[in-house]
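1. only geometry, no sequence info:
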């Protein structure tokens, strides 16, 4: 469920395929670059853990919140970790492991249905978040939103609407362009 909040853009999922060092299943392993969670380092003092699902487009606040939620749930419910990936065999090669979603629509469906995530983030956030992401998906499916001239005019309209919606109200006694 945390994965669904972390991969927030359709582009985040494009890299999710085998042999790209992007996790494709729910797994962890020592020095396994295809695992979702990788334990790295040699001596106990130099070990660290990498959560490898987020991309550069992920919201860092949602990533942090989702990881805190997962850790708290694991401690509270006394969940035990599954077995790590087998040494010498990348986690992506193990067909017995639960697969991660390959598209945003499927991710959103799972996010909405996950009670622990809904409890942590709240119904209002999950509803608003999934509605917004589904709207983005519908816009991407719209043939009018394509790279090229029509895209730039659409982007211009969106930019103008955003600027006008976020404009500060004018102060009494001076016009917008006036300085003090």
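-> That came in fine, so what should we check first? A quick note: this is a predicted structure, and the numbers were derived from the prediction, not measured.
2. give me the below-cutoff pLDDT ranges for this structure.
-> Applying pLDDT under 70 to the chain flags residues 1-15, 142-180.
3. now do the helices in it.
-> Listed in chain order, the helices of the chain (DSSP state H) span 2-6, 60-76, 104-113, 115-121, 123-141, 149-165.
4. so what sits opposite residue 51 in the bridge?
-> residue 37 (DSSP bridges).
5. what is the neighbour count of it?
-> By the criterion of other C-beta atoms under 10 Å, residue 51 has 17 neighbours. Yep, even glycine has a C-beta here, placed from its N, CA and C like the rest.
6. again, but for residue 24
-> Other residues close to residue 24 by other C-beta under 10 Å number 22.
7. hang on, the earlier thing: mean neighbour count, the helices of the chain: which tops it?
-> Greatest average neighbour count among those goes to helix 2-6 (a mean of 24), per mean count of other C-beta atoms under 10 Å.
8. returning to what we had before: of the helices of the chain, which approaches residue 32 most closely?
-> helix 2-6 (17.1 Å; C-beta to C-beta).
9. next, format the helices of the chain as TSV and append distance to residue 82.
-> TSV is the format used below for those (distance: least, C-beta to C-beta, whole Å):
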stretch	distance to residue 82
helix 2-6	15
helix 60-76	12
helix 104-113	19
helix 115-121	17
helix 123-141	26
helix 149-165	44
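10. out of those helices, nearest to residue 21?
-> Per C-beta to C-beta, nearest to residue 21 of those: helix 2-6, 16.5 Å.
11. ok, which of the helices of the chain comes nearest residue 39?
-> helix 60-76 (15.3 Å).
12. which other helices and strands does the closest one contact?
-> With contacts taken as 3 or more C-beta pairs under 8 Å, 6 or more residues apart in numbering; DSSP states H and E, helix 60-76 sits against helix 2-6, helix 115-121.
13. now that helix against helix 123-141, angle please.
-> Here the directions of helix 60-76 and helix 123-141 differ by 130 degrees (axes from the mean of the first three to the mean of the last three C-alpha atoms, to 10 degrees).
14. quick one: helix 60-76 to chain centroid distance?
-> 13 Å (C-alpha atoms, centre = their mean, to the nearest Å).
15. do stretch 23-32 as well
-> 17 Å.
16. buried residues of that stretch, list them for me.
-> The neighbour-count check on stretch 23-32 (16 or more other C-beta atoms under 10 Å) flags 23-29, 32 as buried.
17. tell me which of the helices of the chain lies nearest to residue 96.
-> That would be helix 2-6 among those, by C-beta to C-beta, at 18.3 Å.
18. what sits against residue 69?
-> Applying C-beta atoms under 8 Å, 6 or more residues apart in numbering, one finds that residue 69 lies in contact with 2, 116-117, 120-121.
19. nothing else from me, thank you.
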